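*Asks:* what shape does this take:
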Amino acid sequence: MSSSVLKIDNLHVSVEGTPILKGVNLEIRSGEVHALMGPNGSGKSTLAYALAGHPRYEITDGNIEIDGAGLLELDPCERARLGLFLAFQYPVTIPGVKVADFLRHAISNVRNPERREGEELVPMREFRKELRSRMQELDMDAEFARRYLNEGFSGGEKKRMEILQLAMLAPKFAVLDETDSGLDSDAVRVVSEGLAKLSGPGMGVLIITHHERLLEYNIPQFTHVMLAGRIVETGDAALAHELHSNGYAGVRERHPDAAAEETEALAGQS
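*Replies:* Residues are numbered from 1 along each chain as shown. Now for the predicted structure:
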């Protein structure tokens, strides 16, 4: 399996005319686990949504590429077909659409870029076999696939649904936007173990988090710290542990210019 590269170069992003990201540089390769940490308002989720192609997030400068193919002119579906996956902080509910039906349409669209509305989906027998295998791998009850997408799901079930999507779509790069948000310790462990089972040489992972819990089962080779719309520091798993234990005071001391910019931005919001 050839190695893939997700490259973010000098990325600037604005939301409703307000600059949020101010020159983000990041490179992720197949098999790597990266953690992105930072205080509220630093731009972590903005980066995730900009990568996925959310129309509210305007890219004013810079570039995003997967294996040399530019993403900026592509819609979210086309980005998914190139191998990008985003697990949302707050997954949406779709009443009346069963989990299995949603997943069958999703993988059909991603695996067949030329597929048009009404054209053949992944054959049912093939799909059921694959879905059953993936759910067993993730220790999920088969009944889960018959429920409506996220309707009546607990927070942990919604996040497990995201992990199941990840398993079925098998992207080149997975971006998890605060997947541990709002979960109790047991739910975080289940989601963390699920992600760890799926991680491997064929997929690069970017875990956006405030906490260290999700990283216990998915130890990052690289930890990045974002402050005032920029990545100001990069280290290994030890840096994530430091941030979890001591917060961001040390980072602000080491990067006074970014800290001052952060303070100015917060003052402007009040």
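*Asks:* in this protein, where is pLDDT below threshold?
*Replies:* Applying pLDDT under 70 to the chain flags the ranges 1, 113-119, 211, 268-270.
*Asks:* try 90
*Replies:* 1-3, 40, 87-92, 109-121, 139, 154-160, 177-200, 209-218, 244-245, 263-270 (pLDDT under 90).
*Asks:* for the spatially most central residue of it, grab phi and psi.
*Replies:* Centroid-nearest residue in the chain, with C-alpha atoms, centre = their mean: V175, separated by 1.9 Å. Per-residue torsions, V175: phi -110, psi 120 (degrees, to the nearest 10).
*Asks:* and it, how far from M203?
*Replies:* 11 Å (C-beta to C-beta, to the nearest Å). Heads up, the C-betas are built off the backbone N, CA and C, glycines and all.
*Asks:* how about L84?
*Replies:* Applying C-beta to C-beta, the value for L84 to M203 is 11 Å.
*Asks:* between these two, what contacts are shared?
*Replies:* Counting by C-beta atoms under 8 Å, 6 or more residues apart in numbering, the common neighbours of L84 and M203 are 171-173.
*Asks:* in what helix or strand does S45 lie?
*Replies:* helix 44-52 (DSSP states H and E).
*Asks:* should've said A174
*Replies:* A174 belongs to strand 173-177 when elements are defined using DSSP H and E.
*Asks:* ok, now L21?
*Replies:* L21 is part of strand 18-29, with elements assigned from DSSP H and E.
*Asks:* what packs against that strand?
*Replies:* strand 5-15, helix 44-52, strand 57-66, strand 204-208, strand 230-235 (3 or more C-beta pairs under 8 Å, 6 or more residues apart in numbering; DSSP states H and E).
*Asks:* could you say which of these is packed most deeply?
*Replies:* strand 204-208 (a mean of 25; mean count of other C-beta atoms under 10 Å).
*Asks:* mind checking the SS state of the spatially closest residue to L227 that is not a sequence neighbour?
*Replies:* Distances taken as C-beta to C-beta, 6 or more residues apart in numbering put A258 closest to L227, at 4.3 Å, once the chain neighbours are dropped. Secondary structure state of A258, per DSSP: H, G, I helix; E, B strand; the rest coil, is helix.
*Asks:* correct me if wrong: A258 contacts I231.
*Replies:* No - at 9.9 Å, A258 does not count as touching I231 under the criterion of C-beta atoms under 8 Å.
*Asks:* which strand or helix spans the closest residue in space to E216 that isn't next to it in sequence?
*Replies:* Nearest non-adjacent residue to E216, counting by C-beta to C-beta, 6+ apart: S192, 6.4 Å away. Per DSSP H and E, S192 falls inside helix 185-198.
*Asks:* buried residues in that helix?
*Replies:* In terms of neighbour count (16 or more other C-beta atoms under 10 Å), helix 185-198 has its buried residues at 187-192, 194-196, 198.
*Asks:* circling back: so what's the residue nearest to E216 up against?
*Replies:* 180, 213-214, 216-218.
*Asks:* now the buried members of these.
*Replies:* By 16+ other C-beta under 10 Å, the contacts of S192 give 180, 213-214, 217-218 as buried.
*Asks:* and those as a markdown table, adding distance to N40?
*Replies:* Conversion of the buried ones among the contacts of S192 to a markdown table gives the following (distance: C-beta to C-beta, whole Å):
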| residue | distance to N40 |
| --- | --- |
| D180 | 15 |
| R213 | 18 |
| L214 | 17 |
| Y217 | 25 |
| N218 | 22 |
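*Asks:* can you list contacts of stretch 133-148?
*Replies:* By C-beta under 8 Å, 6+ apart, the residues outside stretch 133-148 that reach it are 93-100, 103, 131-132, 153, 157, 160-161, 163-164, 167-168, 194, 197.
*Asks:* what's the burial count for the closest residue to D75 other than its chain neighbours?
*Replies:* Distance criterion C-beta to C-beta, 6+ apart; nearest residue to D75, sequence neighbours excluded, is G53 at 5.9 Å. Other residues near G53 come to 21 when the count uses other C-beta atoms under 10 Å.
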